[in-house]
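**Student:** next comes the sequence, and after it the predicted model I'd like to discuss.
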Amino acid sequence: MTAEMSVRRPTLCVEVWGPRITSSLLTARGESKSDRHSTRVQRASHPDKVLDAIVQLASKYKNFERVAVGFPGVVREGIITRSPLGSAWKDYPLSRQLQVKLECLVKVASVFDIKGLSVIEGEGVELVLTLDAEFGSALFLDGRMVPNFSLGPHPFRKKHSYEDYVGAAALKAVGVKAWSKRVLRTLDLMGPMLNPRMIYLTGAHAKRLKTDLPPGVSIVQSPASFLGSDRLWD
């Protein structure tokens, strides 16, 4: 890590969760120094609407030097390649567009990578699985993010993806007990395939699991998920 990369600066952190967008400002020490703000976008499938909302949130803060954005979908070098928000986001240069509007440096990553950065210990191979409105995944090696690691749409069994198998719709359809068994089967597959030192389960539905977890798996909550946004710059 170069000296320039290791310098912390006041960072505006933004997370896009569908129509809900939240923001917080972190100091150069990575500590929150202001209240969080949030807004809702009626047409989150339209990029211009989301950009306008982020700019509006940014106007509530002063003295930030850079922006970190967590976005739902697959992000490659600041470009949205796939998103559940709709086809208008395909190949959308979100980082570049925000840099023009906000006149500062911007980094964009998957919201699941952001959440992972907020909970990992930074040692060895660590896998973070988010059990929420969507099934999300993030993979790390010695604290460094493996970009674009997206298990959700990957085939799990026959024509069903991981999202189909353990996502929120599956939880609603089969109930907590059967869904918990599905999560265990998913963990059984992840172990031999990735051999992680730790697997972290996070998200709103993680605490609903009704089963004993295998060794090396823990449920964690990340109230300070904005810390993950700031770590994009490390």
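**Tutor:** Thanks, I have the structure now.

**Student:** where does the chain have low pLDDT?
**Tutor:** 1-8, 28-34, 222-226 (pLDDT under 70).

**Student:** in it, which spans are helices?
**Tutor:** 3-6, 47-58, 94-102, 111-117, 162-166, 168-174, 176-194, 226-231 (DSSP state H).

**Student:** any chance of those helices in TSV, with distance to residue 149 and mean neighbour count too?
**Tutor:** The C-beta positions use only the backbone N, C-alpha and C, and glycine is treated the same way. Below are the helices of the chain laid out as TSV (distance: least, C-beta to C-beta, whole Å; neighbours: other C-beta atoms under 10 Å):
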stretch	distance to residue 149	mean neighbour count
helix 3-6	22	7
helix 47-58	24	18
helix 94-102	19	18
helix 111-117	8	27
helix 162-166	12	22
helix 168-174	20	15
helix 176-194	10	15
helix 226-231	15	25
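
**Student:** separation between the closest residue to residue 186 other than its chain neighbours and residue 180?
**Tutor:** Leaving aside its sequence neighbours, residue 186 sits nearest to residue 166 (C-beta to C-beta, 6 or more residues apart in numbering; 5.5 Å). Per C-beta to C-beta, to the nearest Å, residue 166 is found 10 Å from residue 180.

**Student:** one step back: a markdown table for the helices of the chain, including distance to residue 22?
**Tutor:** Converted to a markdown table, the helices of the chain look like this (distance: least, C-beta to C-beta, whole Å):
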| stretch | distance to residue 22 |
| --- | --- |
| helix 3-6 | 26 |
| helix 47-58 | 8 |
| helix 94-102 | 16 |
| helix 111-117 | 11 |
| helix 162-166 | 23 |
| helix 168-174 | 20 |
| helix 176-194 | 27 |
| helix 226-231 | 8 |
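
**Student:** could you give the backbone dihedrals for the residue of the chain positioned farthest from its centre?
**Tutor:** Here the chain reaches farthest from its C-alpha mean at residue 158, the gap being 27.2 Å by C-alpha atoms, centre = their mean. Main-chain torsions, residue 158, degrees, to the nearest 10: phi 50, psi -120.

**Student:** what's near enough to touch it?
**Tutor:** Applying C-beta atoms under 8 Å, 6 or more residues apart in numbering to residue 158 gives no contacts.

**Student:** next: residue 10.
**Tutor:** With C-beta under 8 Å, 6+ apart, residue 10 has these contacts: 25-28, 63-66.

**Student:** list buried residues within those.
**Tutor:** Buried members of the contacts of residue 10, counted by 16 or more other C-beta atoms under 10 Å: 25-27, 64, 66.
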